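Novice: after the sequence you'll find the predicted model.
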Amino acid sequence: MTDDYYRRLANGVRQPDPTLGKRPEKAVVEPVPAAPQPLRPEPEHHAKPKRQRVILADPRQASRALRSRVELEEQTSWGKLLIKDLVKVQLRTALLLALLVVVVFGSLPVLFYLLPGFARVTLAGIPVAWLILGVLPFPFLFGIGLWYNRLAERHERDFVDMIEN
């Protein structure tokens with residue numbers, strides 16, 4: 001960087017711009033060569049594109065959704081009722097699936113009591129009762145958990161759709 005951008009003298013004072021206060025010279029305009037012809041000829045008439053109305057947002061829907069959110073945030077009686085209904089639906093789903101688990105696991109001792117021969121059956125040297133009680137509950141409970149999760153998410157999506165619509 002040998003050139004001094006600001007044209008400073010040895011004592012640190014900047015030289016004035018040499019063009020300062022002078023009239024600019026007339027600009028020389030050079031002719032531009034003609035543009036090359038396009039490869040395919042353009043059609044003679046240009047069809048105007050069909051006009052379309054663009055609607056960015058429906059104000060009626062926004063105000064209704066905003067009102068519902070405000071009701072929920074301020075915890076008005078209507079907002080509390082909506083939340084209470086969501087909690088009821090979630091609780092009912094949880095209790096029904098818990099009842100299913102209790103019925104399935106509660107029926108196993110009854111099955112072994114009523115069918116004593118079934119308790120003595122072996123599979124690859126392992127009693128079937130042990131396999132049923134020690135291995136099968138885990139995939140069953142995992143499946144019930146997935147089912148509950150999907151149902152809970154569906155209830156929440158329905159709740160949000162109801163609020164926004």
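Specialist: The structure has been received and is ready for your questions. Residues are numbered from 1 along each chain as shown.

Novice: hey, let's count contacts and neighbours off CA atoms from now on
Specialist: Noted.

Novice: report the secondary structure state of N11.
Specialist: coil (DSSP: H, G, I helix; E, B strand; the rest coil).

Novice: my error: substitute K26 in the last question.
Specialist: Secondary structure for K26, judged by three-state DSSP, is coil.

Novice: what about it, distance to P33?
Specialist: From K26 across to P33, the span is 22 Å (CA to CA, to the nearest Å).

Novice: which residue ranges form the strands in the protein?
Specialist: Per DSSP state E, the chain has strands spanning 122-123, 126-127. These are given in chain order.

Novice: render the CA-only coordinates of stretch 107-127 in PDB, please.
Specialist: C-alpha atoms of stretch 107-127 as PDB (Å, rounded to 0.1, in the frame of the first residue of the first chain):
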ATOM      1  CA  SER A 107     -57.100 -61.600  32.200                       C
ATOM      2  CA  LEU A 108     -53.700 -63.400  32.100                       C
ATOM      3  CA  PRO A 109     -54.000 -64.900  35.600                       C
ATOM      4  CA  VAL A 110     -57.600 -65.800  34.900                       C
ATOM      5  CA  LEU A 111     -56.500 -67.500  31.700                       C
ATOM      6  CA  PHE A 112     -53.800 -69.500  33.500                       C
ATOM      7  CA  TYR A 113     -56.200 -70.500  36.300                       C
ATOM      8  CA  LEU A 114     -58.900 -71.600  33.900                       C
ATOM      9  CA  LEU A 115     -56.500 -73.400  31.500                       C
ATOM     10  CA  PRO A 116     -53.900 -75.100  33.700                       C
ATOM     11  CA  GLY A 117     -52.600 -77.000  30.800                       C
ATOM     12  CA  PHE A 118     -51.800 -73.800  28.900                       C
ATOM     13  CA  ALA A 119     -49.400 -72.800  31.800                       C
ATOM     14  CA  ARG A 120     -47.400 -76.000  31.300                       C
ATOM     15  CA  VAL A 121     -46.800 -75.500  27.500                       C
ATOM     16  CA  THR A 122     -43.200 -74.800  26.600                       C
ATOM     17  CA  LEU A 123     -41.700 -73.200  23.500                       C
ATOM     18  CA  ALA A 124     -38.000 -73.900  22.900                       C
ATOM     19  CA  GLY A 125     -37.700 -75.100  26.500                       C
ATOM     20  CA  ILE A 126     -39.100 -71.900  28.000                       C
ATOM     21  CA  PRO A 127     -42.600 -72.000  29.500                       C
END
